[in-house]
Structures are given as structure tokens and as C-alpha cells.
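In: Test case, fold it:
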Amino acid sequence: MDISVTELKQRCLEVVREVERTGRPVAITRRGRLVAQLEPALPAGAAARGKPWERMRGRGRWLAGPGETFVAEEDIQGL
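Out: From the prediction side, this is the model:
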């Protein structure tokens, strides 16, 4: 679910309860651009379990558009 910052200000408690109930994250946008994400909290002690890279699995998001890259041309030439 995506929600604007303005709408979040008006419906904050409702949105937090929805994330808590469903476990699905909510993307918060400003002028159509993603600025934050509200996600359910991990159970107590869950953050300490597992390797850091395993805890991050599935949390990445590709924000580049078609034809865009996050690697600069000079970085490629250096390799």
C-alpha cells in the first residue's frame, strides 16, 4: 500500500493498526516519490538471531528506472 505524507498525517493511527494487523509494509510518498516505509516490528529478540545479511533478505528494493543504473561509468572503467 502506498500513502502520501499528507494522508498519513490524517490517518496515522489507522495506518499503523493496518500494518500491525496485516504485517504488510506501507510505502510513504511525497509528491509521488518514496521517502519512507512503515514495516511491522520484529518480535522481541528476533533481531539478534541469524546473520545480518540473512535478516536483510527480501528487504531490498530496486528504485532505478528502466535503463538507469546505480553504478557510475567511471566505476566500471576502473574495474
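In: so which helix or strand takes in residue 71?
Out: Residue 71 is part of no helix or strand, with elements assigned from DSSP states H and E.
In: and the gap between it and residue 53?
Out: The gap separating residue 71 from residue 53 is 20 Å, by C-beta to C-beta, to the nearest Å. In short, each C-beta sits where N, CA and C put it, glycine included.
In: Can you show me the helices along this structure?
Out: 5-22, 52-55, 73-78 (DSSP state H).
In: Adding mean pLDDT and distance to residue 34 as columns, could you present these in JSON lines?
Out: Converted to JSON lines, those look like this (pLDDT from 0 to 100; distance: least, C-beta to C-beta, whole Å):
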{"stretch": "helix 5-22", "mean pLDDT": "94", "distance to residue 34": "11"}
{"stretch": "helix 52-55", "mean pLDDT": "74", "distance to residue 34": "22"}
{"stretch": "helix 73-78", "mean pLDDT": "67", "distance to residue 34": "24"}
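In: Of all the ones you listed, which one is nearest residue 30?
Out: For these, the distance to residue 30 is smallest for helix 5-22, at 4.9 Å, taking C-beta to C-beta.
In: For that closest one, name the packing helices and strands.
Out: strand 26-30, strand 33-38 (3 or more C-beta pairs under 8 Å, 6 or more residues apart in numbering; DSSP states H and E).
In: So which of those strands is nearest residue 1?
Out: Nearest of the helices and strands packed on helix 5-22 (C-beta to C-beta): strand 26-30, 4.9 Å.
In: Can you list the buried residues in stretch 24-37?
Out: Within stretch 24-37, the residues that count as buried by 16 or more other C-beta atoms under 10 Å are 26, 28, 29.
In: now that stretch: mean pLDDT?
Out: The pLDDT scores in stretch 24-37 average 93.
In: Between the two ends of that stretch, how far is it?
Out: This stretch, stretch 24-37, spans 10 Å end to end (C-alpha to C-alpha, to the nearest Å).
In: What lies in contact with that stretch?
Out: With C-beta atoms under 8 Å, 6 or more residues apart in numbering as the test, stretch 24-37 has contacts from 1-5, 8, 15, 18-19, 38-40, 63.
In: If any of the residues you listed are buried, put those into a ChimeraX selection.
Out: In ChimeraX, a selection of the buried entries from the contacts of stretch 24-37 looks like this (16+ other C-beta under 10 Å):
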select :3,8,15,18,19,38
